Each structure stands twice: as structure tokens, then as C-alpha cells.
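Asks: Next one to model:
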Amino acid sequence: MQVLPEPDQDDGFYFVSYSHKDYKAVLPEIVKYADSGLHIWYDRFLESGKSWTAEVHKKIASYYCKGIIFYVTENFLSSDSCLQEVDCALKNGKSCVFVLKDTEFDGFYEKILDACGRKVVLQSRKIEAINFDFAIEDKKTIITALEKPELFEYYFYEGGRVFKIFKTGRIALVKKVNCNDMRKVELPRFVTRNKRKYRVGGIMQNAFSNNSMLEEVTVPDGWAMLTAGAFTRCKSLHTVNLGTPKIAGFLRVGSLVNVFVDCPNLSVINKFKGIIIISGAFINSQGIKSFNSKGYVLTGKCFSGCVNLENVTLSPNTRVIEKKIFENCKALKTIAIPAKVRKIDVSAFKGCENLKEVVINAKSKRIYRQTEFCQETYKHREVAINLDDIFCFAEKIYLKKVPKFKIFKGGFKQAVSDKKGYTLFVREQK
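Replies: Numbering: from 1, shown residues only. Below you'll find the model as predicted:
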């Protein structure tokens with residue numbers, strides 16, 4: 001008999017609540033449920049006291065708790081802990097079956113409402129009262145027929161701008177997950193509401209934040225955006241699988257904005273076709289050691305604080321390296337700047353104290369100039385930037401093409417290059 005199923009068990013469990021004074025009458029019922037194939041959890045092996053109450057309420061609130069079976073007797077109705085479990089179940093929107101033993105049906109619901117301080121609404125699709133004398137198979141049929149909890153809550157959009165962006169009149173965004181003890185989760189591609197089909201387009205702010213047990217996430221094809229804080233402080237998250245994004249028409253573009261902040265164990269990002277715009281997505285992610293930006297557009301501090309990032313391959317289509325993108329990436333030792341880059345912000349590699357070797361394939365003069373705001377004139381102006389301002393700790397800088405104007409403050413000198421087609425500059429020893 002399975003009485004303590006794993007909390008992330010796929011098909012979940014049903015919790016049996018009863019007064020311990022009725023244990024001898026309820027235990028045979030629990031055995032029959034288990035023998036019939038119903039996964040049952042009950043509190044026989046928990047220690048009494050504060051931890052006991054907290055653990056029971058945690059089990060009731062869990063997404064994997066599909067419903068609660070209350071064995072209602074006079075002992076049950078006179079037990080504060082049993083009535084607290086009823087209150088907890090109803091407040092969490094759980095389906096409930098009340099098995100009445102030596103208790104009249106008349107006025108029963110009134111007693112339940114009184115026990116819960118009349119703060120809840122009894123929903124007929126989630127509540128059923130039956131007699132103790134029913135056969136176990138009949139009880140099982142009634143229990144399993146009641147409404148099951150939903151893993152996700154959605155925000156639904158219809159028409160208007162949504163139609164123009166997503167080429168559909170209906171889109172759903174995940175706004176909340178009703179479980180904090182799952183290890184793996186896969187978002188559905190479509191959901192139905194009122195017999196209408198909605199495409200799941202992304203995840204809203206803080207939907208999965210602080211889920212300490214979550215390890216792997218899969219987002220199917222057709223998504224468009226994962227918004228700020230969606231997975232913030234998911235300490236165990238290590239793998240993210242991203243399907244092909246899609247917005248208007250044929251465009252396969254998605255965005256990750258401050259999504260995986262403070263996910264220290266995140267190490268694997270798998271993606272399919274399309275382009276993904278990253279802005280601040282991996283701040284302080286200590287698990288990422290290597291990243292190939294092909295198919296990505298990097299913006300806004302996306303790898304700031306990734307102290308274990310050792311290897312970065314920038315996409316040949318990279319044009320701009322923005323502010324603080326690789327700030328404090330202390331394990332980064334080398335970087336190659338693609339030929340199409342036309343701007344490198346002076347703070348892009350701030351704090352990269354082990355970045356000793358830089359290869360610059362870019363030919364644009366724009367990488368040596370920076371736009372800044374002048375407080376005196378209240379206008380933007382361009383100022384010259386030296387390479388040793390950008391790469392403060394570099395010992396070797398290889399240039400595909402050396403401009404005629406000054407590109408160093410004076411701390412570098414030309415040396416014999418060991419890379420064919422490149423001019424080498426090395427830092428002078430003090």
C-alpha cells in the first residue's frame with residue numbers, strides 16, 4: 001500500500017483526513033482505496049505538534065494533491081485540527097468528498113461553512129457528500145470525477161493589438177504556477193477556455209520565482225516572451241529547453257528579459273530555430289561556463305555576474321556589444337570581436353580581470369567612439385575611446401585592421417604577431 005507518494009509524482013495523490021479517534025473505522029477504507037489503485041496519503045506516520053500541522057497543510061496545498069477525502073463524524077466536527085484541514089482545502093480550491101458516518105446530511109453544509117467562518121464559497125463542481133456505506137468502487141468513481149487542480153493560471157488576451165503581433169485573436173500567458181515542489185515542467189502549446197483555443201505565448205512576471213525545487217523547464221514552439229523575473233531565484237534550475245519562438249507572420253523572434261536572475265545552477269540552454277533577444281536574462285548565473293550567441297541578440301547586462309563563464313563565441317552577425325553585458329565575468333580569458341561589430345560600450349567588459357587576450361576582427365571606426373550626455377550643454381556628444389579603456393586587463397590585443405588614429409592611451413606597443421593576418425599589440429611592462 002502506497003501511503004507516502006513522492007511529492008512530484010505525475011498522477012498525484014488524494015489526502016484522507018479524519019479524526020484519530022476514528023482511526024479503526026477509517027484505516028480499512030484507506031487500505032481498500034490503495035488496493036483499488038488510488039494513490040493515498042494520510043498522516044499516520046507524522047509526529048504531532050506544529051510540524052505535523054504545517055506538513056499536512058503543505059500536502060493539502062500542493063498541486064499534486066488532487067483532492068481530499070474527509071471522513072466526517074461527530075469526532076471530526078469537534079476536532080479543531082480537522083476543521084482547519086477543511087478550511088485549508090476549501091481556501092486552496094481543492095475538490096473535496098465528505099464521507100458522512102453517523103452524521104445527518106441535513107444542515108451538514110451549514111456546519112462546514114460555520115467551521116470555516118463562512119469565508120469560502122462551496123463550489124458544486126468541487127464538493128460532494130456521500131454516505132459511509134457506499135461501496136469503495138462507487139466512492140472511487142465519485143472522488144476521481146471531481147474537478148482536478150490546474151497546474152497553471154493564465155492571463156488571456158483577445159483581439160486588438162494581440163492579433164497584429166501574434167497573428168491570432170487569442171493568446172494566453174502563464175501568470176502563476178500552482179505548485180512549488182515540482183522538479184520538471186513543460187508548458188502546453190495551447191489551452192482551452194470556454195471552448196476557445198488559445199496559444200500559450202509566454203510567461204508573465206514572477207510566475208515561477210522562488211521555486212527552489214525546479215530543475216528543468218521546457219517551453220514549446222510558438223512562444224514570444226518570457227518576462228522579467230519569471231524564474232528569479234530558482235536555485236535548482238539547471239536546464240532550459242526553448243522551442244522555436246514566433247510572433248507576427250513568419251517572424252521567429254522571442255525575448256528573454258531578466259528571466260533567470262539569481263539562478264546559480266543554470267548551465268544548459270537548448271534552443272531550436274529562430275532569434276532570441278536576451279536582456280539581463282542570466283544575471284549571476286554561476287552555472288554557465290560556455291555560450292554561443294549564434295541565433296541570439298545580446299543586450300542589457302545579460303551575462304553580468306556570471307563568474308564561471310569561461311568561453312563565449314559571439315555570433316558573426318553581432319553588431320553592438322552593449323553596456324555591462326559581460327560585467328564581472330571573472331573566468332573569461334579570451335574574446336573574439338566579430339567583423340560586423342560597430343560599437344563596443346566602454347563598460348561591456350568591466351571587471352573582467354582575467355580577460356587577457358582580445359581578437360578584434362571589426363573594421364568599423366565607430367567602435368573607438370562613444371556617445372555620452374554632456375551635463376554642461378545638456379546634449380549628447382561623441383568622445384574618443386581607447387581600447388585599453390574597454391579591455392582594462394588585456395595583455396594582448398590582435399587587430400585585423402589598425403586604424404590610423406590613436407587607439408591606445410600609450411600602455412601598449414606593437415609586437416611580432418603569432419596570428420597570420422593580425423597586428424599584435426602587447427601591454428608594456430611597468
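Asks: For the nearest residue to Ala394 once chain neighbours are set aside, give the beta-bridge partners.
Replies: With C-beta to C-beta, 6 or more residues apart in numbering as the measure, Val358 is the residue that lies nearest to Ala394, at 5.1 Å, once sequence neighbours are left out. All C-beta spots, glycine's among them, are computed from the backbone N, C-alpha and C. When bridges are assigned using DSSP bridges, the partners listed for Val358 are Ile335, Ile397.
Asks: Run a quick neighbour tally on Val358.
Replies: Burial of Val358, expressed as a neighbour count using other C-beta atoms under 10 Å, amounts to 21.
Asks: Wait, it touches Phe391, no?
Replies: Yes - A contact is recorded between Val358 and Phe391 when judged using C-beta atoms under 8 Å, the distance being 5.1 Å.
Asks: List the contacts of stretch 214-221.
Replies: Contacts made with stretch 214-221 from outside it, assessed by C-beta atoms under 8 Å, 6 or more residues apart in numbering, are listed as 182-189, 200, 203, 208, 226, 231, 234, 236-246, 272.
Asks: and it, how far apart are its ends?
Replies: Between the opening and closing residues of stretch 214-221 there is a gap of 21 Å (C-alpha to C-alpha, to the nearest Å).
Asks: Quick one, which of the contacts of stretch 214-221 are buried?
Replies: Burial by neighbour count, 16 or more other C-beta atoms under 10 Å: within those this picks out 182, 185, 187, 200, 203, 208, 226, 231, 234, 237-240, 242-246.
Asks: who touches both of Val358 and Phe391?
Replies: Looking at what touches both Val358 and Phe391 (by C-beta under 8 Å, 6+ apart), the common residues are Ile397.
Asks: For Asn311, give the beta-bridge partners.
Replies: Here Asn311, judged by DSSP bridges, has bridge partners Ser290.
Asks: what number of residues lie near it?
Replies: Applying other C-beta under 10 Å, we find 13 other residues in the vicinity of Asn311.
Asks: contacting residues for it?
Replies: Contact analysis of Asn311 by C-beta under 8 Å, 6+ apart lists 289-291, 332, 334.
Asks: Tell me the most packed of those residues, by neighbour count.
Replies: Neighbour counts for the contacts of Asn311, by other C-beta under 10 Å, peak at Leu332, which reaches 22 neighbours.
Asks: Just give me the neighbour total for Gly305.
Replies: Counted with other C-beta under 10 Å, the burial measure for Gly305 works out to 20 neighbours.
Asks: where's Gly300 relative to Asn241, distance?
Replies: As defined by C-beta to C-beta, to the nearest Å, Gly300 lies at a distance of 23 Å from Asn241.
Asks: Please tell me how far the residue nearest to Phe349 when sequence neighbours are not counted sits from Ile344.
Replies: Distances taken as C-beta to C-beta, 6+ apart put Phe326 closest to Phe349, at 5.2 Å, once the chain neighbours are dropped. Distance of Phe326 to Ile344, given as C-beta to C-beta: 11 Å.
Asks: ok, back up a step: out of the buried ones among the contacts of stretch 214-221, which are inside strands?
Replies: Restricting the buried ones among the contacts of stretch 214-221 to those inside strands, with DSSP state E as the criterion, leaves 185, 200, 203, 226, 239-240, 242.
Asks: Columns distance to Ser62 and pLDDT on top of the residues you listed, output as a markdown table?
Replies: Compiled in a markdown table, those are given as follows (distance: C-beta to C-beta, whole Å; pLDDT from 0 to 100):
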| residue | distance to Ser62 | pLDDT |
| --- | --- | --- |
| Val185 | 14 | 89 |
| Val200 | 23 | 90 |
| Ile203 | 21 | 92 |
| Leu226 | 25 | 88 |
| Thr239 | 23 | 93 |
| Val240 | 24 | 92 |
| Leu242 | 28 | 91 |
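Asks: could I get these as CSV with distance to Leu100?
Replies: Written out in CSV, the entries for those read as follows (distance: C-beta to C-beta, whole Å):
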residue, distance to Leu100
Val185, 38
Val200, 41
Ile203, 43
Leu226, 48
Thr239, 48
Val240, 48
Leu242, 51
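Asks: Any stretches of this structure with poor pLDDT?
Replies: Applying pLDDT under 70 to the chain picks out residues 1-10, 44-51, 103-125, 159-169, 248-251, 373-375, 430.
Asks: mind redoing it with 50?
Replies: Applying pLDDT under 50 to the predicted model, the residue ranges of the chain that meet it are 1-8, 45, 47-50, 118-121, 163.
Asks: end-to-end on stretch 342-353?
Replies: Across stretch 342-353, the straight-line distance between its terminal residues is 24 Å, by C-alpha to C-alpha.
Asks: Residues contacting that stretch, please?
Replies: Applying C-beta under 8 Å, 6+ apart, the contact partners of stretch 342-353 are 319-330, 332, 335, 337, 355, 362, 364, 366-367, 370, 385, 389-393.
Asks: Give me the buried subset of those residues.
Replies: Burial by neighbour count, 16+ other C-beta under 10 Å: within the contacts of stretch 342-353 this picks out 320-322, 324-330, 332, 335, 337, 355, 362, 364, 367, 370, 385, 390-391.
Asks: Among those, name the ones in strands.
Replies: Among the buried ones among the contacts of stretch 342-353, DSSP E puts 320-321, 335, 337, 370 in strands.
Asks: Now compare these and name the two farthest from each other.
Replies: Of all pairs drawn from those, the widest gap by C-beta to C-beta lies between Ile335 and Gln370 and measures 18.5 Å.
Asks: show me where the stretch 101-250 of the chain has helices.
Replies: 108-115, 136-145, 161-166 (DSSP state H, counting those that start in this stretch).
Asks: hang on, the earlier thing: please convert the ones in strands among the buried ones among the contacts of stretch 342-353 to a markdown table, extending it with distance to Pro220.
Replies: A markdown table is the format used below for those (distance: C-beta to C-beta, whole Å):
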| residue | distance to Pro220 |
| --- | --- |
| Val320 | 31 |
| Ile321 | 31 |
| Ile335 | 34 |
| Ile337 | 35 |
| Gln370 | 41 |
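Asks: Specify which member of the residues you listed is nearest to Val312.
Replies: When these are compared for distance to Val312 (C-beta to C-beta), Ile335 wins out at 6.2 Å.
Asks: ok, the closest one touching Asn354?
Replies: No - distance between Ile335 and Asn354: 11.2 Å, which falls outside the contact criterion (C-beta under 8 Å).
Asks: Find the residues that touch each one of the two.
Replies: When contacts are counted by C-beta under 8 Å, 6+ apart, Ile335 and Asn354 have no shared neighbour.
Asks: and the most centrally placed residue in the chain, what is it in contact with?
Replies: Centre of the chain computed as the mean C-alpha position; nearest residue by C-alpha atoms, centre = their mean is Phe231, 3.0 Å away. Taking C-beta under 8 Å, 6+ apart as the definition of contact, the neighbours of Phe231 are 208-209, 211, 214, 217, 237, 259-260, 263.
Asks: Many thanks, have a good one.
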